[in-house]
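Asks: prediction below, plus the sequence it came from.
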Amino acid sequence: MTTLSSVRVAGLLDRLHEEAEVSDREHREEMMTQIDAAGGAIDAVITDMLAEERADYRATYRRYAGNFLAISPAYGRLLYAAARACKARRIVEFGTSMGVSTLYLAAALRDNGGGQLIGSEMEPAKAARARANLEAAGLADLADVREGDALDTLRDVGGEVDLLLIDGAFSLYLPVLKLIEPRLRYGAMIFGENAFDPAYKGYVGDPANGYLAFALPDESRGNIFAVKVA
């Protein structure tokens with residue numbers, strides 16, 4: 001039995017995914033309304049969102065303090081499998097939220113024999129909830145959830161990074177990647193959840209920057225998987 005499939009962790013994740021489904025329903029419906037109003041042009045909606053974020057990303061995400069904005073169970077299993085496959089010992093997560101993705105990654109660290117997950121979350125209540133969920137899962141010893149702006153909290157991640165999950169403010173995807181980049185080992189995996197920012201996509205998609213990147217067909221959420229190859 002793996003940590004992920006244990007009653008303690010699997011049961012908690014099932015409850016959290018159910019709660020996230022209810023919590024995020026209104027947000028998803030609002031997004032669909034905006035896309036429909038734009039004639040189905042999701043790029044136009046994303047452009048407006050990025051412009052709003054760049055003006056004040058802290059204020060933008062403060063509106064979602066009560067939302068999980070969680071990954072799907074399938075994506076969580078992918079993260080767990082990837083962390084196991086690369087034998088991750090140090091994982092960095094931008095955008096911890098309530099800690100759903102954190103649980104999948106911490107479970108992989110446990111099954112890899114240990115390690116450290118460093119997470120960053122701007123909203124104090126979300127950071128507290130994430131820590132509580134890690135405690136409930138028996139995985140708190142593996143995770144350091146840092147409260148505040150990721151451009152500050154992730155300046156020192158303590159060593160070589162095996163896996164990076166980017167899932168926070170869209171406009172910070174590229175700044176966060178560049179912040180962590182000197183610590184990425186060759187072969188490190190980078191998951192960009194909802195990686196809509198053209199600057200980020202262009203950067204990881206250019207082989208000159210040392211990445212091999214692929215779009216993932218996960219529920220049309222704009223997920224990009226990249227590997228540090230040079």
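Replies: Nice, thanks for sending it over.
Asks: going forward, measure contacts between C-alpha atoms and count neighbours the same way
Replies: Noted.
Asks: can you show me the helices along the chain?
Replies: Assigned by DSSP state H, the helices in the chain fall at 7-37, 42-62, 73-85, 100-111, 124-137, 150-153, 173-180, 198-204.
Asks: list the contacts of the last one.
Replies: Looking back up the chat, that one is helix 198-204. Taking Cα atoms under 8 Å, 6 or more residues apart in numbering as the criterion, the residues outside helix 198-204 that touch it are Y173, L174, A195, N209, G210, Y211, L212, A213, I224, A226.
Asks: report the buried members of those.
Replies: Under a neighbour-count criterion of 16 or more other Cα atoms under 10 Å, the subset of the contacts of helix 198-204 counted as buried comprises Y173, L174, A195, G210, Y211, L212, A213, I224, A226.
Asks: what's the farthest-apart pair in the residues you listed?
Replies: Taking Cα to Cα as the measure, these span a maximum distance of 18.0 Å, between A195 and G210.
Asks: look at A44 and report its pLDDT.
Replies: At A44, the predicted lDDT confidence score is 75.
Asks: from F196, how far off is it?
Replies: As judged by Cα to Cα, to the nearest Å, A44 and F196 stand 11 Å apart.
Asks: the two - which one has more neighbours?
Replies: More neighbours surround F196 than the other of A44 and F196, with 21 against 14 (other Cα atoms under 10 Å).
Asks: okay, now the unreliable bits of the protein?
Replies: Low-confidence segments of the chain, defined by pLDDT under 70: 31, 34-36, 38-41, 218-221.
Asks: need the buried ones among the contacts of helix 198-204 in a markdown table (columns: distance to E121).
Replies: Compiled in a markdown table, the buried ones among the contacts of helix 198-204 are given as follows (distance: Cα to Cα, whole Å):
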| residue | distance to E121 |
| --- | --- |
| Y173 | 14 |
| L174 | 17 |
| A195 | 18 |
| G210 | 28 |
| Y211 | 26 |
| L212 | 28 |
| A213 | 26 |
| I224 | 21 |
| A226 | 23 |
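Asks: please list the members of those that lie in strands.
Replies: When strands are assigned by DSSP state E, the members of the buried ones among the contacts of helix 198-204 inside them are Y211, L212, A213, I224, A226.
Asks: now, which of those residues sits nearest E26?
Replies: Proximity of these to E26 (Cα to Cα) peaks at I224, which lies at 25.3 Å.
Asks: ok, the closest one touching L212?
Replies: No. With contacts defined as Cα atoms under 8 Å, I224 does not count as touching L212, sitting 10.3 Å away.
Asks: ok, S23 - contacts?
Replies: Under the criterion of Cα under 8 Å, 6+ apart, the contact partners of S23 comprise G66, N67, F68.
Asks: count the residues that sit near the second one.
Replies: Residues lying near N67 (other Cα under 10 Å) number 21.
Asks: residues in contact with it?
Replies: Contact analysis of N67 by Cα under 8 Å, 6+ apart lists A20, S23, D24.
Asks: ok, now which ones touch the last one?
Replies: With contacts defined as Cα under 8 Å, 6+ apart, D24 is in contact with N67, F68, L69.
Asks: try it again with 10 Å
Replies: Contacts here follow Cα atoms under 10 Å, 6 or more residues apart in numbering; on that basis D24 touches E30, Y64, G66, N67, F68, L69, A70.
Asks: cool, R129 as well?
Replies: If you count contacts by Cα under 10 Å, 6+ apart, R129 has them with T96, S97, M98, G99, E135.
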